[in-house]
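>>> Any chance you can model this:
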Amino acid sequence: MLNNVDTEALAGARQAIREKPEAGIASYGVSLAWQSGVRANVRTLPMSLGGEEISRNFSWVVDEPPQLLGESKGPTPQEYLMSGVGACIMVGFIVNASVKKVAVRKLNVTVKGSLDLAGFLNLRDDAKVEMLGLEYQIDVDCDADDVQLEDIRKAAVEFSPNAMTVSRGIPLSGEVRRAA
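Model prediction:
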């Protein structure tokens, strides 16, 4: 084990997915229950990995600051989006460092972004609804040289499901139903 990552288990998982691709299909879900104003309580739904259901019992609050009609009882949806991207990059960085036998002593990932509320409020045709972009910074203390660090960073981002989902975009579909 290096960086508390079991690289042998990772190699085993990779081989299992090579032999049986459906073993690598992971499905996730969350359910949001409106509380009041612009605040919601979010809870995880069971996850599926290769057809095996995995219980996930986590919940959190999403809210906005008072300046955006909320009560600051939790992070904003954008802060959660950025934390998901940053955490996925962090996971990729530490796993790739471990595979390359690089011991990490300290690792911090910072993600920042902005948006034009005129897009959300439909005030101008030229105002984008989506965030204007995300920037990340990885601060790491390790013994890797600059070439190794760049290889690890590149792999961490290029194989990050969340980073690639945001940068490449994916289809979004849905429906509305009347509650019973």
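
>>> Kindly list the longest helix within the chain.
When the chain is parsed with DSSP state H, its longest helix is helix 77-99.

>>> Can you pull out the residues in contact with it?
By Cβ atoms under 8 Å, 6 or more residues apart in numbering, the surrounding residues in contact with helix 77-99 are 2-3, 5, 7, 10, 62, 75, 103-104, 107, 109-113, 115, 131, 134, 136, 138, 140, 142, 144, 151-153, 155-157, 159-163, 166. In short, each C-beta sits where N, CA and C put it, glycine included.

>>> Show me which of these are buried.
3, 5, 62, 75, 104, 109, 111, 113, 134, 136, 138, 140, 142, 144, 151-153, 155-157, 160, 162-163, 166 (16 or more other Cβ atoms under 10 Å).

>>> which residues of the protein fall in helices?
Under DSSP H, the chain gives helices at 7-19, 77-99, 117-120, 146-158, 161-168.

>>> Tell me which of these lies nearest to residue 180.
The closest of the helices of the chain to residue 180 is helix 77-99. By Cβ to Cβ, the value is 26.4 Å.

>>> Break the chain into its domains for me.
13-75, 76-168 (automatic domain parsing).

>>> Could you provide these in TSV, with additional columns for distance to residue 174 and mean pLDDT?
Below are these laid out as TSV (distance: least, Cβ to Cβ, whole Å; pLDDT from 0 to 100):
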stretch	distance to residue 174	mean pLDDT
domain 13-75	13	97
domain 76-168	16	97
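
>>> Nearest to residue 176, out of those domains?
That would be domain 13-75 among those, by Cβ to Cβ, at 13.7 Å.

>>> Any idea how far apart the tips of the closest one sit?
34 Å (Cα to Cα, to the nearest Å).

>>> Kindly report the same for stretch 158-178.
Note: stretch 158-178 ends 40 Å apart using Cα to Cα.

>>> Quick check, central residue of the chain?
The structure's the chain has its C-alpha centroid closest to residue 84; by Cα atoms, centre = their mean the separation is 2.3 Å.

>>> before we move on, back to that, so which bits of the longest helix of the chain are buried?
Applying 16+ other Cβ under 10 Å to helix 77-99 flags 81-82, 84-86, 88-99 as buried.

>>> and what of stretch 63-70?
63-64, 70.
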